[in-house]
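# Generate coordinates for the sequence data below:
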Amino acid sequence: MNSDNPLLVEALRGSTLESAHRGAVAIVDGDGRRVLALGEIERAVFPRSAVKLLQALPLVASGAADALKLADAELALACASHNGEPAHVATARGMLAKAGLDAGALECGTHWPALDTAGRELAAHGEAPTALHNNCSGKHAGFLCLACALHGREGLRGFTRGYVEPQHAVMREVSAALQAATDCDLAHAPVGADGCSIPTFAIPLDKLALAFARVATGQGLSAEHARAAQRLRGAIARAPFMVAGTGRFDTRVMEVLGERVCCKVGAEGVYCAALPERGWGVAIKVDDGNNARAAEVAMAAVIEAALRLDTEAAGLLRSLSEPTLRNWNGRVVGQLRASATLRDALAGLAAPR
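Numbering: from 1, shown residues only. I've put the predicted structure just below:
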């Protein structure tokens with residue numbers, strides 16, 4: 001990890017700096033030109049869930065989404081790290097039913113809902129979580145819908161077994177889409193297993209930004225993937241609750257800004273976004289892997305700087321780039337804020353008026 005990366009986010013207790021988070025920010029346009037390079041943006045990082053939209057491109061490009069008549073909410077869920085709320089669970093179950101499958105086909109594993117109230121509600125009814133509650137169940141339901149296009153329904157369950165493995169036809173399609181979008185040779189990239197068991201590849205931060213610039217503009221993508229990216233962005237904008245859920249950054253921002261921003265958090269301090277009206281892709285990596293206290297603050301600061309915002313959107317983004325910290329008694333005890341270094345680097349990005 002590069003300790004020379006600049007400070008991106010500061011945590012204050014009272015008015016005194018208590019903690020700080022270093023990291024890197026890359027902003028790239030559709031032609032691959034660097035708009036902003038802050039920190040070590042050529043270092044490969046595991047993007048984790050930040051690239052779910054890229055992994056969903058074959059679902060649309062293959063014709064599976066049309067053949068199964070997937071709705072906007074279902075396409076958004078295919079790109080989601082959701083809270084496991086009842087609507088998320090029901091939508092994932094519905095996607096599987098359209099493919100002639102059920103929750104038993106999912107290979108993402110099981111965990112309690114990410115939203116505490118959803119988990120407590122399950123427990124209060126004496127129920128245990130299933131794979132449908134996994135934050136990645138929508139993505140995996142999308143993979144299984146893709147399997148319909150690759151194989152057809154006859155003997156589908158046998159075909160889908162092991163779909164999370166690198167050499168399975170489903171995962172080969174998904175990895176090929178990721179490689180094409182990032183211009184990164186994944187055959188020679190570091191690879192590990194993600195939390196939901198699919199392969200995760202280490203990709204340079206600037207290449208991730210390039211991929212999201214391509215999602216924003218369609219430049220550099222095949223015609224099929226460009227159309228798929230546009231459709232997925234639209235679906236997410238029309239159903240932002242599905243991509244995250246109650247109280248979550250991605251949902252809150254896209255409820256207000258719609259198709260102007262398509263942002264997605266990943267584990268370990270990675271955040272990516274497409275900004276279509278600027279034709280830019282954004283990729284952020286916080287060195288210490290902090291999301292809520294750092295990566296979200298940095299992404300909010302980027303969006304503030306890059307887009308012209310009305311009063312409502314400006315208020316939301318400022319509350320996310322400079323959130324107040326309260327203790328368990330509700331007393332204000334401090335603040336998170338984008339660092340002066342980050343603000344200064346972003347100062348030249350203001351949208352033309």
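# where does this protein dip in pLDDT?
In the predicted model of the chain, residues 1-3, 153-154, 351-353 satisfy pLDDT under 70.
# all strands for it, in order.
Using DSSP state E, the strands of the chain run over 7-13, 16-29, 34-38, 44-45, 191-193, 199-201, 203-204, 262-266, 270-275, 280-286, 324-326, 332-338.
# In the second one, which residues are buried?
By 16 or more other C-beta atoms under 10 Å, the buried positions in strand 16-29 come out as H21, R22, G23, A24, V25, A26, I27, V28, D29. Any C-beta I mention is one placed from the backbone N, CA and C, and that applies to glycine too.
# these two touch, right, the first one and A294?
Yep, that's H21 we're talking about. Yes. Taking C-beta atoms under 8 Å as the definition, H21 is a contact partner of A294 at 3.8 Å.
# Mutual contacts of those two, please.
Shared contacts of H21 and A294 (C-beta atoms under 8 Å, 6 or more residues apart in numbering): L8, V9, G269, V286, D288.
# which residues sit in contact with the last one?
Under the criterion of C-beta under 8 Å, 6+ apart, the contact list for D288 reads H21, R22, G269, A294.
# Can you give me every residue that contacts the first one?
With C-beta under 8 Å, 6+ apart as the criterion, the residues that contact H21 are L7, L8, V9, E10, A11, G269, V286, D287, D288, N290, R293, A294.
# Does the first one touch R337 like I think?
To tie it back to what came earlier, the one meant is L7. No. Counting by C-beta under 8 Å, L7 does not reach R337; the two are 10.8 Å apart.
# Next one: the residue nearest the centre of the chain from I236, what distance?
Among the residues of the chain, the one closest to the centroid is K264, at 2.4 Å (C-alpha atoms, centre = their mean). Distance, K264 to I236, using C-beta to C-beta, to the nearest Å: 9 Å.
# shared neighbours of those two, which are they?
Common neighbours of K264 and I236 (C-beta under 8 Å, 6+ apart) are L53, C79, V243.
# Nearest to W112, out of those: which one, please.
V243 (19.8 Å; C-beta to C-beta).
# Relative to E173, how far out is that closest one?
Distance, V243 to E173, using C-beta to C-beta: 22 Å.
# who's more crowded, these two?
Using other C-beta atoms under 10 Å as the criterion, V243 and E173 rank with V243 on top: 30 against 21.
# if we can go back for a sec, pipe the contacts of H21 into CSV and attach distance to T341 per row.
Below are the contacts of H21 laid out as CSV (distance: C-beta to C-beta, whole Å):
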residue, distance to T341
L7, 6
L8, 7
V9, 10
E10, 10
A11, 15
G269, 17
V286, 14
D287, 14
D288, 16
N290, 17
R293, 17
A294, 13
